Each structure stands twice: as C-alpha cells, then as structure tokens.
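1. predicted model, plus sequence, below.
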Amino acid sequence: MERKLSKKIVMDDRFKDWELPCLEEGKPNKYNWLVQNLAGFSLGYKTDIGAFTYINAKFKVVIEDFVQVGSHCSIYSISTIDNKKGMVRLKKNCKIGSHSVLMPGVTIGENSIVGAFSFVDKDIPNNVVAVGVPAKVMREIKKAETLH
C-alpha cells in the first residue's frame, strides 16, 4: 500500500506544472518532438511525449489524457510504403515504450502498455501489456496496477 502511494506522489509531482506545449507545423517543440499535419492532432491533459518522437496526423492522431509516449517513437496516420491510412488513437493512461512504431488506424486501449521497440499494426485492447514486432498481448493489467 505504501509503495503505491509513493508512485502516486511521484506522478502528481511530475505533472504539477504541466502546460499544453506550444506546437508549430513540422517543427520540434521545446521537448524536441514534432507533429506534421497539425490540424489533425489532438493532445490530452497531462500527457508526456518523449524527445525525438515523430507524429504524422494527416488522418488524425488523438492522444487522450495522461498518456505517456517514450522517446524516439513514430506515430503514423498514413504510411506511404503500404498505402495505409487511418486515425490513430491513444486512449487514456496508456503508455508507449521508447522507439515504438504505431501504424495507421490503430487504437491503443485505456491503461495499456506497449513495450519498447514494439511495432503496432493492430488495435491493442484496454488494460493489457503488448510487446514485440508485431506487438502481441502478453498479459492483462489488474486494476490495482493502474494509477488513474
């Protein structure tokens, strides 16, 4: 019980002074991540996106509240390699490990975790851990493991 409490405090302190970052089309912001096609981008409250992450929101990218995206991730709503396109949605409190790639049309479920270096080309349901290339669900997350 005490351990969970200390994690909650760290999370609250981390976002204590959170502000919506200033975004400009195709330019790195002060946290060194960028968005192309900014008109299709929606960013939730108290989100954290790591440095050197690239987001292409041509067909919409929605990042809901309390989402964390690690550094060096790529989030594509369009792929010119296989001509796929579609909205990408990262639901509330999901976490994406560093260097992961999210392909067009995928949804990452609420509270789910995508492991580092994963390639996500299919939807990930709520409350699971998924890893790999391509990402596969490894286990469910119990309610007690989530912070929000």
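-> Yep, it's here. Numbers count the residues shown, from 1 in each chain.

2. do you have the helices of this structure handy? List them.
-> Along the chain, the stretches classed as helices by DSSP state H are 2-14.

3. can you list the weak-confidence ranges in it?
-> Scanning the chain for pLDDT under 70 picks out 1-12, 144, 146-148.

4. try 90 this time
-> 1-20, 142-148 (pLDDT under 90).

5. centre-most residue in it?
-> Val69 (4.1 Å; CA atoms, centre = their mean).

6. verify the stated contact: Cys73 with Leu90.
-> No: the pair Cys73 and Leu90 fails to qualify as a contact (CB atoms under 8 Å) at a distance of 10.4 Å. Glycine gets a C-beta too; all of them are placed from N, C-alpha and C.

7. what do those two both touch?
-> In terms of CB atoms under 8 Å, 6 or more residues apart in numbering, Cys73 and Leu90 are both contacted by the residues 96, 102.

8. more neighbours, those two?
-> Taking neighbours as other CB atoms under 10 Å, Cys73 and Leu90 compare with Leu90 leading, 29 against 24.

9. residues in contact with that one?
-> Neighbouring residues of Leu90 by CB under 8 Å, 6+ apart: 61-64, 67, 69, 75, 96, 102, 107-108.

10. over to Asn56?
-> Taking CB under 8 Å, 6+ apart as the test, what Asn56 contacts is 35-37, 75-78.
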